[in-house]
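A.B. asks: take a look and give me a structure for this.
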Amino acid sequence: MAHRSWSRFLRAVPAGFLALAMACASQPSPRPVAPAAARPTVAPRRYDVIIVGAGMAGLTAGKNLLHAGRSFVILEATDRIGGRGRTDATTFSAPIDLGGAWIHNVSTNPLTPVITGSGYATQETEVDASHHLFFNHHFAGPRDQERFRRITKAFEASLEESHGHDDATANHLPREEPGGGAAAPGEPAFETLRELVALNSGPLESAVELEESSSVDAGAFLAGEDVLIQRGYGTFGEEVLPQVSLSSPVTRCLE
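C.D. replies: Numbers count the residues shown, from 1 in each chain. As a prediction, this is how the structure comes out:
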């Protein structure tokens, strides 16, 4: 499956994530960001466009409308900007993304020009998830890494062969270990490795369990040229637009 890359961190190795994030923390913050609670709400008026939600999609839409000279307001139900993007910039010496982090497939990702055009530096990453498996107080050896890669390849091949049929992505996880054979004594069970593949593809890639993930979306996922925003994905979301009305849930729409 040439257009997919499962080079991601697993939640079992936060230390690896910290090391990479610290390596990317070469750019100081140019200005402090006012806390969300301190931001004023937008005064009532008529707008060309009303955007619901101050996640990355809503913020990007607002940025494009701003450049087009259209009037708009972003209504956010919570008291913070960024949606699934949230960066801890104070606990460690480097920013740590607690939610969304990577900008995938930078050559075609519509976020790329928004980020670079806003003056944010990025850092290329190349991480093989199989090298970050941790079992019984030690990292997995070459055999378990290869088992993980085989399960991943079988999973991706099943998605590729579905030809656009939409069902739960979890249905495409292999039910038996590819290549056959049982785990040797002391090795993780097939079910354990399969669960890690599911965690990597589901909560870490899509912020959703594979049982609730679309196989069409998973199969169309583009990656391979992946970058991190040096000051954090959540930081970019906080700073990209000030025109957000916080604590403003939408309860109904009038036609």
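A.B. asks: what about G62, neighbour count?
C.D. replies: Neighbourhood size, G62 [other C-beta atoms under 10 Å]: 22. Placement of C-beta: from N, CA and C, glycine included.
A.B. asks: give me the element it is part of.
C.D. replies: helix 56-68 (DSSP states H and E).
A.B. asks: now do that helix: which elements does it pack against?
C.D. replies: Counting contacts by 3 or more C-beta pairs under 8 Å, 6 or more residues apart in numbering; DSSP states H and E, helix 56-68 packs against strand 49-52, strand 72-75, helix 111-117, helix 233-240.
A.B. asks: contact partners of it?
C.D. replies: Helix 56-68 has contacts (C-beta atoms under 8 Å, 6 or more residues apart in numbering) with 48-49, 51-52, 71-72, 74, 76, 81-85, 100, 110-111, 114, 233, 237, 240-241, 243-244.
A.B. asks: list the buried residues for that helix?
C.D. replies: The neighbour-count check on helix 56-68 (16 or more other C-beta atoms under 10 Å) flags M56, G58, L59, T60, A61, G62, K63, L65 as buried.
A.B. asks: which one of the residues you listed is nearest to G202?
C.D. replies: M56 (19.1 Å; C-beta to C-beta).
A.B. asks: low-confidence ranges, the stretch 101-250 of the chain, go.
C.D. replies: Along the stretch 101-250 of the chain, the parts satisfying pLDDT under 70 run over 222, 242.
A.B. asks: circling back: would TSV of the buried residues of helix 56-68 with distance to E225 and pLDDT be doable?
C.D. replies: Below are the buried residues of helix 56-68 laid out as TSV (distance: C-beta to C-beta, whole Å; pLDDT from 0 to 100):
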residue	distance to E225	pLDDT
M56	18	88
G58	25	93
L59	22	91
T60	19	87
A61	24	91
G62	26	91
K63	22	87
L65	28	92
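A.B. asks: how about those, which pair is most distant?
C.D. replies: Maximum pairwise distance in these, criterion C-beta to C-beta, is 14.9 Å, between M56 and L65.
A.B. asks: re earlier: now the helix holding G62 and helix 233-240, what's the angle there?
C.D. replies: Counting by axes from the mean of the first three to the mean of the last three C-alpha atoms, to 10 degrees, helix 56-68 lies at 30 degrees to helix 233-240.
A.B. asks: can you give me the helices for this protein?
C.D. replies: Secondary structure of the chain by DSSP state H: the helices cover 14-23, 56-68, 111-117, 142-161, 190-201, 203-206, 215-219, 233-240.
A.B. asks: just the CA atoms of the longest one, as CSV, please.
C.D. replies: Taking C-alpha atoms only, helix 142-161 is exported to CSV below (Å, rounded to 0.1, in the frame of the first residue of the first chain):
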residue,chain,number,x,y,z
PRO,A,142,13.7,-7.9,15.8
ARG,A,143,11.4,-10.9,15.6
ASP,A,144,8.5,-9.1,17.4
GLN,A,145,9.1,-6.0,15.3
GLU,A,146,8.8,-8.1,12.2
ARG,A,147,5.6,-9.7,13.5
PHE,A,148,4.2,-6.2,14.1
ARG,A,149,5.1,-5.2,10.5
ARG,A,150,3.5,-8.3,9.0
ILE,A,151,0.2,-7.6,10.9
THR,A,152,0.3,-4.0,9.7
LYS,A,153,0.9,-5.0,6.1
ALA,A,154,-2.0,-7.6,6.2
PHE,A,155,-4.3,-4.9,7.7
GLU,A,156,-3.3,-2.4,5.0
ALA,A,157,-3.7,-4.9,2.2
SER,A,158,-7.2,-5.7,3.4
LEU,A,159,-8.1,-2.0,3.3
GLU,A,160,-6.6,-1.8,-0.2
GLU,A,161,-8.6,-4.8,-1.4
